[in-house]
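Student: Need coordinates for the below:
(one chain, ligands or ions: 2)
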Amino acid sequence: MVYQKDNLLFTTAISADLALKLKAKSFTKIFVLVDDNTEEYCLPLIQNALPENSQLIFIKSGEAHKTISTCENIWQTLTEAVADRQALLINLGGGVICDMGGFCARTYKRGINFWNIPTTLLSQVDASIGGKLGVDFGSFKNQIGLFSEPDQILIDSIFLKSLPQEEIISGYAEIIKHALIKDENMFNELLGYDLKSINWESLVPRAVTIKKSIVEQDPGENGLRKILNFGHTIGHAIESHFLAKETPIKHGEAIAIGMIAETSISVDKGLLTEDNGRLIIDFLNNIFPKMNIDEEAMSKITQLAFQDKKNVGGKIKAALLSGIGNGIYDIEITESEIKKSLLSYKQLITD
Ligand SMILES: NC(=O)c1ccc[n+]([C@@H]2O[C@H](COP(=O)([O-])OP(=O)(O)OC[C@H]3O[C@@H](n4cnc5c(N)ncnc54)[C@H](O)[C@@H]3O)[C@@H](O)[C@H]2O)c1
Ligand SMILES: [Zn+2]
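Tutor: Residues are numbered from 1 along each chain as shown. Ligands and ions are numbered 1, 2, ... in the order given. Model (predicted):
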């Protein structure tokens, strides 16, 4: 055991620590939710800790399967196995498995126990923490869901060894976001890191601690928690745009461009100095893939930003930066500010 706080355990011995945690409780039956990849790469790392009568629930991997129809299969399996309220569902996977498994667990028979063992960088530093559970509905992301904290989260960076590099980069965007909104020192350290040689064992707990402390102060996202949406107003619009074009890009890649755009809006509004803006933008642009956003895409992305869940009364409310390590929220941004920020992104990648 490496570090433990409340329902969160960081470990470098996942199998032994999972076995200890399971021993300390008594569940009538244990179910483990996996997808194609986590069954192959992650299950072997925890198999020894699972009792013989535990049961796998298998789903196909990918955001396309984060649907009510997949939930029906999960509920069906639980029902056929006569799972009762003392059953436990262990979510072994990325954000799709953690969000959807948690949702299924908390709605089956009005709620059974669920634990998260996040296996992607994104789910370790973001999706497994904070209790947002749910599934997509049609083309609307996370449209159906609820807030409920997992009973236990176990994080081990060993899972990242089998993760494709593009998934690592995607998760890294959220780590950078956590530093930018809350921890200037951490951002300065990130400036000196080479992505290929990062020590995740020490970086992941720091990023998680930032998210956890923000969520604890505002679990229902009525105020402070909104700073976690930095980069996401424009980022989500970019993500939806590429999804609609059937050329989906990774969440973190979209959020990185969103952070670049929202950093330049922060500078334009006089909230952030030009020097700091330049530092952040150059840093992000050096790490993340460059996306071609033409005039037509700019209009579409701007329109999509008007559909953001966080908007109020038809006005776009974004989280911006008033300094490095200082996220602020509920700042109105206009259509022309978004267009200008996307134009300057275009300029940046063609320079
Ligand atoms: N609840 C929240 O607060 C929150 C926050 C951010 C994102 N999310 C959600 O998270 C989802 C994205 O999460 P994600 O990026 O983890 O996607 P994901 O769950 O689809 O995982 C990405 C891919 O990696 C594979 N994979 C998982 N672990 C692996 C491993 N150790 N080795 C090899 N392959 C592995 C998966 O099978 C999948 O193909 C989205 O649905 C998003 O809405 C939720
Ligand atoms: Zn995100």
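Student: Run through the residues of the stretch 251-351 of the chain sitting next to ligand 1.
Tutor: By the criterion of Cβ under 6 Å from any ligand atom, the positions of the stretch 251-351 of the chain lying close to ligand 1 are residue 251. In this view, the C-beta of every residue, glycine as well, is placed from N, C-alpha and C.
Student: What are the boundaries of the strands in the stretch 251-351 of the chain?
Tutor: 316-321, 327-333 (DSSP state E, counting those that start in this stretch).
Student: What of the chain?
Tutor: 3-5, 8-10, 30-35, 55-59, 88-93, 113-118, 132-137, 140-147, 152-155, 316-321, 327-333 (DSSP state E).
Student: So which other helices or strands are in contact with the fifth one?
Tutor: Judged by 3 or more Cβ pairs under 8 Å, 6 or more residues apart in numbering; DSSP states H and E, strand 88-93 is in contact with strand 30-35, helix 36-41, helix 95-107, strand 113-118.
Student: try it again with 7 Å
Tutor: Packing contacts for strand 88-93, counted by 3 or more Cβ pairs under 7 Å, 6 or more residues apart in numbering; DSSP states H and E, involve strand 30-35, helix 95-107, strand 113-118.
Student: for the one residue in the stretch 151-300 of the chain that gets nearest to ligand 1, what are its contacts?
Tutor: Using Cβ to the nearest ligand atom, the closest approach of the stretch 151-300 of the chain to ligand 1 is made by residue 162 at 3.6 Å. Applying Cβ atoms under 7 Å, 6 or more residues apart in numbering to residue 162 gives the contacts residue 41.
Student: got a pLDDT number for it?
Tutor: Looking at residue 162, its pLDDT reads 98.
Student: how far away is it from residue 91?
Tutor: 17 Å (Cβ to Cβ, to the nearest Å).
Student: Residue 2 and residue 10 touch, don't they?
Tutor: Yes: using Cβ atoms under 7 Å, residue 2 makes contact with residue 10 at a distance of 4.9 Å.
Student: So for the two, which sits in the more crowded spot?
Tutor: Just comparing residue 2 and residue 10: by other Cβ atoms under 10 Å the higher neighbour count belongs to residue 10, 22 against 13.
Student: Now do the contacts for the more buried one.
Tutor: Contacts for residue 10 (Cβ under 7 Å, 6+ apart) come out as 2, 3, 155, 205.
Student: so which of the strands of the stretch 251-351 of the chain is the most packed in?
Tutor: Ranked by mean neighbour count under mean count of other Cβ atoms under 10 Å, the strands of the stretch 251-351 of the chain are led by strand 316-321, which reaches a mean of 23.
Student: Alpha carbons of that one, as CSV, please.
Tutor: As requested, the backbone C-alpha atoms of strand 316-321 are provided in CSV (Å, rounded to 0.1, in the frame of the first residue of the first chain):
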residue,chain,number,x,y,z
ILE,A,316,-21.9,30.9,-22.9
LYS,A,317,-20.2,30.6,-19.5
ALA,A,318,-16.7,29.3,-19.5
ALA,A,319,-13.9,28.7,-17.1
LEU,A,320,-10.8,30.8,-17.8
LEU,A,321,-7.5,31.6,-16.3
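Student: Strand partners (parallel or antiparallel) of it?
Tutor: If you go by DSSP bridges, strand 316-321 pairs up with strand 327-333 (antiparallel).
Student: Quick check: mean pLDDT of the strand it pairs with?
Tutor: Mean predicted lDDT for strand 327-333 stands at 96.
Student: same question, stretch 182-197
Tutor: For stretch 182-197, the mean per-residue pLDDT is 95.
Student: how long is it end to end?
Tutor: With Cα to Cα, to the nearest Å as the measure, stretch 182-197 spans 24 Å from end to end.
Student: buried set for it?
Tutor: The neighbour-count check on stretch 182-197 (16 or more other Cβ atoms under 10 Å) flags 182, 183, 186, 187, 190 as buried.
Student: could the residues you listed go into a markdown table alongside distance to ligand 1?
Tutor: Shown next, in a markdown table, are the buried residues of stretch 182-197 (distance: Cβ to the nearest ligand atom, whole Å):
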| residue | distance to ligand 1 |
| --- | --- |
| 182 | 16 |
| 183 | 19 |
| 186 | 19 |
| 187 | 20 |
| 190 | 19 |
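Student: what two of these are the furthest from one another?
Tutor: Farthest-apart pair in these is 182 and 190; separation 12.8 Å (Cβ to Cβ).
Student: what about residue 297, how many neighbours?
Tutor: Neighbours of residue 297 using other Cβ under 10 Å come to 17.
Student: is it true that it touches residue 238?
Tutor: No: Residue 297 lies out of contact with residue 238 (Cβ under 7 Å); the separation is 8.5 Å.
Student: rewinding a little: among the strands of the chain, which is the most enclosed?
Tutor: Of the strands of the chain, the one with the most neighbours on average (mean count of other Cβ under 10 Å) is strand 88-93, at a mean of 28.
Student: Sheet-wise, list the partners of that strand with their directions.
Tutor: Note on strand 88-93: by DSSP bridges, its sheet partners are strand 30-35 (parallel), strand 113-118 (parallel).
Student: ok so, going back, tell me the one among the contacts of residue 10 nearest to residue 262.
Tutor: Nearest to residue 262, judged by Cβ to Cβ, of the contacts of residue 10 is residue 205 at 26.3 Å.
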